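J.: Sequence and computational prediction follow.
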Amino acid sequence: MSSFDDLFKQENQKPASLKDQPFDKEAWKQQKQEQREMVYAMIDDTAKKVAEDSSLFQNFLDVQSCFNRYSVANALLILAQKPDATRIADFDTWKQQGIFIRKKESGFYILEPGDEYRREDGSVAISYNPKKMFDISQTGNRKRETPSYPDDRTCIKALMDYTAVPIRISDELPEGTNAFYSPEAREIQIRRGMDAGDIYRALSQELAHAEMDTGDGSYRRGDYSFHAYCVSYMLCKQYGVDTAGYRFDRAPEMLEGMDTQKIRSELSLIREAANEISGRANRMPAQQQKRQETER
(Lines give C-alpha, C1' and ligand atoms only; values in the text may rest on other atoms or scores of the structure.)
Protein backbone atom coordinates (compact mmCIF):
# COMPACT_ATOMS: atom_id res chain seq x y z
CA MET A 1 0.00 0.00 0.00
CA SER A 2 1.40 3.36 -0.95
CA SER A 3 1.90 5.95 1.76
CA PHE A 4 0.51 9.44 1.57
CA ASP A 5 2.21 10.70 4.68
CA ASP A 6 4.56 12.84 2.61
CA LEU A 7 1.64 15.11 1.71
CA PHE A 8 1.48 16.39 5.28
CA LYS A 9 4.11 18.80 6.64
CA GLN A 10 5.75 17.77 9.84
CA GLU A 11 5.94 20.35 12.62
CA ASN A 12 9.70 20.23 12.60
CA GLN A 13 9.66 21.14 8.89
CA LYS A 14 7.96 24.55 9.33
CA PRO A 15 9.86 27.33 7.61
CA ALA A 16 11.63 29.65 9.98
CA SER A 17 9.87 32.98 10.55
CA LEU A 18 11.64 36.25 9.91
CA LYS A 19 11.95 36.75 13.66
CA ASP A 20 13.83 33.44 13.99
CA GLN A 21 16.30 34.24 11.23
CA PRO A 22 19.65 35.64 12.41
CA PHE A 23 20.33 39.34 11.77
CA ASP A 24 22.71 39.76 8.84
CA LYS A 25 24.60 42.94 9.66
CA GLU A 26 26.56 42.97 6.42
CA ALA A 27 23.43 42.57 4.30
CA TRP A 28 21.79 45.38 6.29
CA LYS A 29 24.80 47.66 5.73
CA GLN A 30 24.78 46.85 2.03
CA GLN A 31 21.09 47.66 1.77
CA LYS A 32 21.58 50.99 3.55
CA GLN A 33 24.49 51.87 1.28
CA GLU A 34 22.41 51.12 -1.82
CA GLN A 35 19.58 53.28 -0.47
CA ARG A 36 22.01 56.10 0.24
CA GLU A 37 23.47 55.95 -3.27
CA MET A 38 19.97 55.91 -4.77
CA VAL A 39 18.90 58.94 -2.75
CA TYR A 40 21.99 61.00 -3.59
CA ALA A 41 21.64 60.13 -7.28
CA MET A 42 18.01 61.29 -7.11
CA ILE A 43 19.07 64.61 -5.57
CA ASP A 44 21.59 65.27 -8.35
CA ASP A 45 19.21 64.19 -11.09
CA THR A 46 16.39 66.38 -9.76
CA ALA A 47 18.71 69.38 -9.35
CA LYS A 48 19.69 69.09 -13.03
CA LYS A 49 16.04 68.89 -14.10
CA VAL A 50 15.10 71.89 -11.94
CA ALA A 51 17.89 73.91 -13.59
CA GLU A 52 16.64 73.04 -17.08
CA ASP A 53 12.87 73.43 -16.68
CA SER A 54 11.29 76.70 -15.52
CA SER A 55 8.02 75.01 -14.50
CA LEU A 56 9.88 72.44 -12.43
CA PHE A 57 11.97 75.22 -10.91
CA GLN A 58 8.77 76.92 -9.74
CA ASN A 59 7.52 73.59 -8.38
CA PHE A 60 10.73 73.33 -6.38
CA LEU A 61 10.12 76.79 -4.87
CA ASP A 62 6.59 75.67 -3.97
CA VAL A 63 7.93 72.59 -2.17
CA GLN A 64 10.71 74.52 -0.44
CA SER A 65 8.30 77.23 0.72
CA CYS A 66 6.00 74.55 2.17
CA PHE A 67 8.91 72.71 3.83
CA ASN A 68 11.05 75.73 4.61
CA ARG A 69 12.82 74.03 7.51
CA TYR A 70 14.01 71.20 5.28
CA SER A 71 17.30 71.42 3.41
CA VAL A 72 17.47 71.97 -0.34
CA ALA A 73 18.51 68.32 -0.74
CA ASN A 74 15.38 67.14 1.07
CA ALA A 75 13.15 69.57 -0.84
CA LEU A 76 14.56 68.11 -4.06
CA LEU A 77 13.79 64.60 -2.79
CA ILE A 78 10.22 65.55 -1.92
CA LEU A 79 9.82 67.19 -5.32
CA ALA A 80 11.04 64.03 -7.06
CA GLN A 81 8.89 61.59 -5.09
CA LYS A 82 5.89 63.39 -3.58
CA PRO A 83 5.61 66.93 -5.00
CA ASP A 84 2.05 67.38 -3.68
CA ALA A 85 3.08 66.64 -0.07
CA THR A 86 1.93 69.12 2.57
CA ARG A 87 2.75 67.48 5.91
CA ILE A 88 5.13 64.56 6.33
CA ALA A 89 6.34 62.29 9.11
CA ASP A 90 7.77 58.81 9.52
CA PHE A 91 5.65 55.75 10.33
CA ASP A 92 6.27 55.86 14.09
CA THR A 93 5.50 59.57 14.40
CA TRP A 94 2.17 59.19 12.63
CA LYS A 95 1.40 56.18 14.85
CA GLN A 96 2.15 58.16 18.02
CA GLN A 97 -0.42 60.71 16.86
CA GLY A 98 -3.00 57.98 16.39
CA ILE A 99 -2.79 58.22 12.62
CA PHE A 100 -2.07 55.12 10.54
CA ILE A 101 -0.65 54.68 7.05
CA ARG A 102 -3.06 53.26 4.49
CA LYS A 103 -2.32 49.82 3.07
CA LYS A 104 -0.14 49.64 -0.07
CA GLU A 105 1.37 53.09 0.56
CA SER A 106 5.09 52.81 -0.07
CA GLY A 107 6.34 56.13 1.30
CA PHE A 108 9.35 58.10 0.08
CA TYR A 109 12.83 58.97 1.29
CA ILE A 110 14.47 62.04 2.75
CA LEU A 111 17.85 62.35 4.48
CA GLU A 112 18.28 62.68 8.23
CA PRO A 113 21.50 63.46 10.15
CA GLY A 114 23.34 60.43 11.48
CA ASP A 115 26.61 60.05 13.38
CA GLU A 116 29.65 62.26 13.25
CA TYR A 117 32.75 60.91 11.54
CA ARG A 118 36.25 62.14 10.86
CA ARG A 119 37.42 62.73 7.30
CA GLU A 120 40.88 61.77 6.06
CA ASP A 121 42.01 65.40 6.46
CA GLY A 122 41.01 65.30 10.14
CA SER A 123 37.89 67.45 9.84
CA VAL A 124 34.62 66.29 11.43
CA ALA A 125 31.52 65.73 9.31
CA ILE A 126 28.02 64.31 9.79
CA SER A 127 26.72 61.32 7.89
CA TYR A 128 23.22 61.40 6.45
CA ASN A 129 20.98 58.38 6.18
CA PRO A 130 17.82 57.76 4.14
CA LYS A 131 14.61 57.83 6.14
CA LYS A 132 11.23 56.73 4.85
CA MET A 133 8.44 59.29 5.22
CA PHE A 134 4.73 59.44 4.51
CA ASP A 135 2.56 62.42 3.61
CA ILE A 136 -0.70 63.03 5.41
CA SER A 137 -2.49 62.18 2.16
CA GLN A 138 -1.14 58.63 2.54
CA THR A 139 -2.74 58.19 5.95
CA GLY A 140 -6.25 57.39 7.10
CA ASN A 141 -6.67 60.92 8.40
CA ARG A 142 -9.54 62.42 6.43
CA LYS A 143 -9.27 65.81 8.06
CA ARG A 144 -7.48 68.27 5.80
CA GLU A 145 -5.91 71.37 7.30
CA THR A 146 -6.91 74.69 5.76
CA PRO A 147 -4.06 77.19 6.01
CA SER A 148 -4.85 80.41 7.84
CA TYR A 149 -3.01 83.68 7.29
CA PRO A 150 -2.83 86.97 9.21
CA ASP A 151 -4.84 89.95 7.94
CA ASP A 152 -3.09 92.25 5.43
CA ARG A 153 -2.02 94.86 7.97
CA THR A 154 -0.57 92.29 10.37
CA CYS A 155 1.15 90.51 7.51
CA ILE A 156 2.88 93.66 6.26
CA LYS A 157 3.73 94.91 9.75
CA ALA A 158 5.31 91.55 10.59
CA LEU A 159 7.44 91.80 7.45
CA MET A 160 8.58 95.30 8.49
CA ASP A 161 9.43 94.45 12.09
CA TYR A 162 13.02 93.45 12.97
CA THR A 163 14.25 94.24 9.45
CA ALA A 164 17.98 94.35 8.72
CA VAL A 165 17.67 97.90 7.28
CA PRO A 166 15.27 100.84 7.78
CA ILE A 167 12.24 101.26 5.50
CA ARG A 168 10.82 104.66 4.54
CA ILE A 169 7.96 105.73 2.32
CA SER A 170 8.89 107.69 -0.80
CA ASP A 171 7.30 109.89 -3.46
CA GLU A 172 10.44 109.92 -5.59
CA LEU A 173 10.70 106.38 -6.95
CA PRO A 174 10.72 106.14 -10.76
CA GLU A 175 7.65 104.88 -12.61
CA GLY A 176 7.35 101.11 -12.45
CA THR A 177 9.46 100.79 -9.28
CA ASN A 178 7.37 100.00 -6.21
CA ALA A 179 10.27 99.60 -3.80
CA PHE A 180 14.04 99.87 -3.95
CA TYR A 181 16.91 98.76 -1.74
CA SER A 182 19.97 101.02 -1.88
CA PRO A 183 23.24 99.28 -0.92
CA GLU A 184 24.92 102.66 -0.50
CA ALA A 185 22.31 104.08 1.89
CA ARG A 186 21.50 100.66 3.38
CA GLU A 187 17.79 101.45 3.34
CA ILE A 188 14.62 100.51 1.47
CA GLN A 189 12.30 103.08 -0.09
CA ILE A 190 8.70 102.07 -0.85
CA ARG A 191 6.11 103.84 -2.99
CA ARG A 192 3.24 105.58 -1.24
CA GLY A 193 -0.38 104.52 -1.75
CA MET A 194 -0.06 100.89 -2.90
CA ASP A 195 -2.44 98.08 -2.03
CA ALA A 196 -1.47 95.30 0.38
CA GLY A 197 -0.46 92.72 -2.23
CA ASP A 198 1.81 95.12 -4.12
CA ILE A 199 3.40 96.27 -0.88
CA TYR A 200 4.14 92.73 0.25
CA ARG A 201 5.53 91.59 -3.12
CA ALA A 202 7.73 94.67 -3.55
CA LEU A 203 8.91 94.88 0.05
CA SER A 204 9.74 91.16 0.34
CA GLN A 205 11.90 91.37 -2.78
CA GLU A 206 13.87 94.37 -1.54
CA LEU A 207 14.27 92.81 1.91
CA ALA A 208 15.83 89.83 0.14
CA HIS A 209 18.37 92.15 -1.48
CA ALA A 210 19.15 93.67 1.92
CA GLU A 211 19.48 90.20 3.45
CA MET A 212 21.98 89.01 0.84
CA ASP A 213 24.08 92.19 1.05
CA THR A 214 26.96 91.52 3.45
CA GLY A 215 27.57 95.26 3.82
CA ASP A 216 31.19 95.19 2.64
CA GLY A 217 30.51 97.45 -0.35
CA SER A 218 30.80 94.73 -2.97
CA TYR A 219 27.08 94.05 -3.44
CA ARG A 220 25.85 94.31 -7.00
CA ARG A 221 22.09 94.28 -7.35
CA GLY A 222 22.13 92.62 -10.79
CA ASP A 223 23.95 89.57 -9.44
CA TYR A 224 21.14 88.81 -7.00
CA SER A 225 18.00 90.11 -8.72
CA PHE A 226 16.76 86.65 -9.65
CA HIS A 227 17.52 85.29 -6.17
CA ALA A 228 15.55 88.14 -4.56
CA TYR A 229 12.66 87.54 -6.96
CA CYS A 230 12.55 83.88 -5.91
CA VAL A 231 12.70 84.80 -2.22
CA SER A 232 9.75 87.15 -2.69
CA TYR A 233 7.77 84.38 -4.38
CA MET A 234 8.48 81.94 -1.55
CA LEU A 235 7.47 84.45 1.13
CA CYS A 236 4.24 85.25 -0.71
CA LYS A 237 3.46 81.52 -0.91
CA GLN A 238 4.04 81.14 2.81
CA TYR A 239 1.76 84.04 3.74
CA GLY A 240 -1.03 83.59 1.21
CA VAL A 241 -0.19 86.59 -0.99
CA ASP A 242 -1.20 86.32 -4.67
CA THR A 243 1.67 84.97 -6.82
CA ALA A 244 -0.09 84.82 -10.20
CA GLY A 245 2.23 87.41 -11.72
CA TYR A 246 5.50 85.60 -10.99
CA ARG A 247 7.35 83.99 -13.93
CA PHE A 248 10.50 81.87 -13.85
CA ASP A 249 11.44 81.65 -17.52
CA ARG A 250 14.91 82.98 -16.63
CA ALA A 251 15.73 80.06 -14.36
CA PRO A 252 17.41 77.85 -17.01
CA GLU A 253 19.49 80.82 -18.18
CA MET A 254 20.57 81.73 -14.64
CA LEU A 255 21.58 78.14 -13.80
CA GLU A 256 23.00 77.19 -17.18
CA GLY A 257 26.36 75.41 -17.10
CA MET A 258 26.36 74.86 -13.34
CA ASP A 259 27.14 71.47 -11.86
CA THR A 260 24.73 69.95 -9.35
CA GLN A 261 26.70 71.19 -6.34
CA LYS A 262 26.61 74.77 -7.61
CA ILE A 263 22.89 74.51 -8.43
CA ARG A 264 22.19 73.36 -4.88
CA SER A 265 24.34 76.21 -3.55
CA GLU A 266 22.28 78.77 -5.48
CA LEU A 267 19.04 77.22 -4.27
CA SER A 268 20.37 77.24 -0.70
CA LEU A 269 21.12 80.97 -0.94
CA ILE A 270 17.47 81.58 -1.86
CA ARG A 271 16.20 79.32 0.91
CA GLU A 272 18.41 80.85 3.59
CA ALA A 273 17.43 84.43 2.71
CA ALA A 274 13.73 83.52 2.74
CA ASN A 275 14.08 81.75 6.08
CA GLU A 276 15.91 84.68 7.69
CA ILE A 277 13.14 87.07 6.66
CA SER A 278 10.26 84.76 7.56
CA GLY A 279 11.93 83.92 10.87
CA ARG A 280 11.92 87.59 11.84
CA ALA A 281 8.40 88.11 10.47
CA ASN A 282 7.10 85.24 12.58
CA ARG A 283 8.24 86.87 15.81
CA MET A 284 5.35 89.34 15.93
CA PRO A 285 2.51 86.81 15.51
CA ALA A 286 4.24 84.55 18.03
CA GLN A 287 4.49 87.39 20.54
CA GLN A 288 0.84 88.32 19.97
CA GLN A 289 -0.24 84.73 20.57
CA LYS A 290 1.84 84.57 23.76
CA ARG A 291 0.21 87.77 25.05
CA GLN A 292 -3.26 86.45 24.25
CA GLU A 293 -2.54 83.20 26.13
CA THR A 294 -1.24 85.18 29.13
CA GLU A 295 -4.37 87.37 29.21
CA ARG A 296 -6.75 84.38 29.28
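T.: Perfect, thanks for sending it.
J.: and Ile277, backbone torsions?
T.: phi -70, psi -50 (degrees, to the nearest 10).
J.: That one contacts Leu207, correct?
T.: Yes - applying CB atoms under 8 Å, one finds Ile277 in contact with Leu207, separated by 5.4 Å. For the C-beta atoms, the positions are set from N, CA and C on the backbone; glycine is no exception.
J.: Pick out whichever of the two has more residues nearby.
T.: In this view Ile277 and Leu207 are compared by other CB atoms under 10 Å, and Leu207 has more residues nearby, 29 against 25.
J.: quick one: that one and Ile188 touch, right?
T.: Yes - with contact defined as CB under 8 Å, Leu207 reaches Ile188; the gap is 7.0 Å.
J.: Give me the common contacts of those two.
T.: Thr163, Tyr181 (CB atoms under 8 Å, 6 or more residues apart in numbering).
J.: Between Ile277 and Leu207, which contacts overlap?
T.: Leu159.
J.: Can you get me a residue count around Val241?
T.: 22.
J.: Excluding covalently adjacent residues, which one is nearest to it?
T.: Once flanking residues are discounted, Val241 sits nearest to Tyr200: 4.8 Å by CB to CB, 6 or more residues apart in numbering.
J.: can you pull the contacts of that neighbour?
T.: Asp152, Cys155, Ile156, Leu159, Leu235, Cys236, Tyr239, Val241.
J.: Now name the helix or strand holding it.
T.: helix 196-212 (DSSP states H and E).
J.: And the helices in the protein, which stretches?
T.: In the chain, the segments counted as helices under DSSP state H are 25-52, 54-66, 72-81, 91-96, 152-160, 196-212, 221-239, 251-255, 260-281, 283-295.
J.: Off-centre distance for the third one?
T.: So that's helix 72-81. 8 Å (CA atoms, centre = their mean, to the nearest Å).
J.: same deal with the fourth one?
T.: Taking the mean C-alpha point of helix 91-96 and that of its whole chain, the gap between them comes to 22 Å (CA atoms, centre = their mean).
J.: So what's the residue count around Gly114?
T.: Under the criterion other CB under 10 Å, the count of neighbours that Gly114 has is 13.
J.: Report the contact partners of the closest residue to it other than its chain neighbours.
T.: Distances taken as CB to CB, 6+ apart place Ser127 nearest to Gly114, at 4.1 Å, with adjacent residues excluded. Taking CB under 8 Å, 6+ apart, we find Ser127 in contact with Pro113, Gly114, Asp115, Glu116, Tyr117.
J.: hang on, the third one packs against Ile126?
T.: So the one you mean is Asp115. Yes - Asp115 lies in contact with Ile126 (CB under 8 Å); the separation is 7.4 Å.
J.: Tell me the one of the contacts of Tyr200 nearest Phe134?
T.: Tyr239 (27.1 Å; CB to CB).
J.: What are the neighbouring residues in contact with that closest one?
T.: Neighbour list for Tyr239: Tyr149, Pro150, Cys155, Tyr200, Ala281 [criterion: CB under 8 Å, 6+ apart].
J.: now the closest residue to the last one other than its chain neighbours: how far from Leu207?
T.: Taking CB to CB, 6+ apart, and ignoring the residues beside it in sequence, Ala281 has Ala158 as its nearest neighbour in space, at 4.3 Å. Here Ala158 is placed at a distance of 12 Å from Leu207 (CB to CB, to the nearest Å).
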